[in-house]
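> sequence below, structure please.
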Amino acid sequence: MPQLFADARHKITRANQHIADVKDRLLRLHKTGTAIVEIHAETGGELLKHDFTDESAFDDLALLIGDAVHNLKCALDYTWLKTIETLIPRMVDDRAKFPVRKTIEELEGWLKKTEVDISCPSLFRLMLDQIQPCEASYNGIWIIHSFDNRDKHRLLLPVLTHGNIDGIEVKDESGEVHHGCGTGDLQRPPYQILFRKGLHVHEKGKLAATIAVEDKKSGCYMYIPDALVQYAHVILCIVEVFERFLEGQMG
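Numbering: from 1, shown residues only. Here you go, the predicted model:
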């Protein structure tokens, strides 16, 4: 039976390749980190600034993230198409795709409208009780669906969030070295840390920043690459659920 879902699995494999490319691009971005120390005009203290110089990284990441999201959504669509080809062939047309709705009530209404509950009650129950492709299920399907729709019209441009500067060393007036780190949760780059007058930055440290994409229309937010890795695994599990389901239906 797994051969019925070979196309869906190929799409997940392709998505994982894009995710690997995202990770590689993030590594190259972080290697371009720069750090400078300036004197603050008002306090006279040293101001440590960290930033990245790789200006093309975000366009590259937007394309890679969009490709990964698209392939994960395609895996779901292929899975649905193979399922209805086997169980409810009358539903097959050029617009057939994995049904995703905002609420479970909307999903149930669509399944009843298309008479899935009559043609294949077991598929009806599978979608409502186990898969639940809607916003409240928190299984990632709604997020992948929403970002795929957004990517059809706008690039999924990532932003830097939650900057962390590790390995900072500061000398005080006595020459004692203090080790520490800095965070910029509410900042956008360049990330800045202001020290009181009399402290001297001995080691500037190294910047690492979390990357995220957001779709304000749907309210979806996704940290990169961790969320993509998680959703790729979830969608693979969903494909496997449908494989076992069809084995039971056709066995």
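
> show me the shaky parts of this structure.
Low-confidence segments of the chain, defined by pLDDT under 70, span residues 1-2, 183-188.

> all strands for the stretch 51-200 of the chain, in order.
Using DSSP state E, counting those that start in this stretch, the strands assigned to the stretch 51-200 of the chain run over residues 159-171, 177-184, 191-194, 200-203.

> okay, now the sheet partners of the longest one, with direction.
Which is strand 159-171. The pairing partners recorded for strand 159-171 under DSSP bridges are strand 177-184 (antiparallel), strand 200-203 (antiparallel), strand 206-215 (antiparallel).

> what's the offset of it from the middle of its chain?
Counting by CA atoms, centre = their mean, to the nearest Å, strand 159-171 is centred 23 Å from the centre of its parent chain.

> pick the most deeply packed of the strands paired with strand 159-171.
strand 206-215 (a mean of 19; mean count of other CB atoms under 10 Å). For glycine as for every other residue, the C-beta is placed from the backbone atoms N, C-alpha and C.

> surely residue 189 is in contact with residue 160?
Yes. Counting by CB atoms under 8 Å, a contact exists between residue 189 and residue 160, whose distance comes to 5.4 Å.

> what's the overlap in contacts for those two?
52, 209 (CB atoms under 8 Å, 6 or more residues apart in numbering).

> kindly export stretch 3-20 (C-alpha atoms) in PDB.
Once side chains and other backbone atoms are set aside, the C-alpha atoms of stretch 3-20 remain, and they are given as PDB (Å, rounded to 0.1, in the frame of the first residue of the first chain):
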ATOM      1  CA  GLN A   3       3.300   2.900  -3.100                       C
ATOM      2  CA  LEU A   4       0.000   4.600  -3.400                       C
ATOM      3  CA  PHE A   5       1.500   7.500  -1.500                       C
ATOM      4  CA  ALA A   6       4.900   7.600  -3.200                       C
ATOM      5  CA  ASP A   7       4.200  11.000  -4.600                       C
ATOM      6  CA  ALA A   8       3.300  12.400  -1.200                       C
ATOM      7  CA  ARG A   9       6.500  11.000   0.200                       C
ATOM      8  CA  HIS A  10       8.600  12.500  -2.600                       C
ATOM      9  CA  LYS A  11       7.100  15.900  -1.800                       C
ATOM     10  CA  ILE A  12       8.100  15.500   1.900                       C
ATOM     11  CA  THR A  13      11.600  14.400   0.800                       C
ATOM     12  CA  ARG A  14      11.800  17.500  -1.300                       C
ATOM     13  CA  ALA A  15      10.600  19.700   1.600                       C
ATOM     14  CA  ASN A  16      13.300  18.200   3.800                       C
ATOM     15  CA  GLN A  17      15.900  19.100   1.300                       C
ATOM     16  CA  HIS A  18      14.700  22.700   1.300                       C
ATOM     17  CA  ILE A  19      14.700  22.700   5.100                       C
ATOM     18  CA  ALA A  20      18.300  21.500   5.000                       C
END
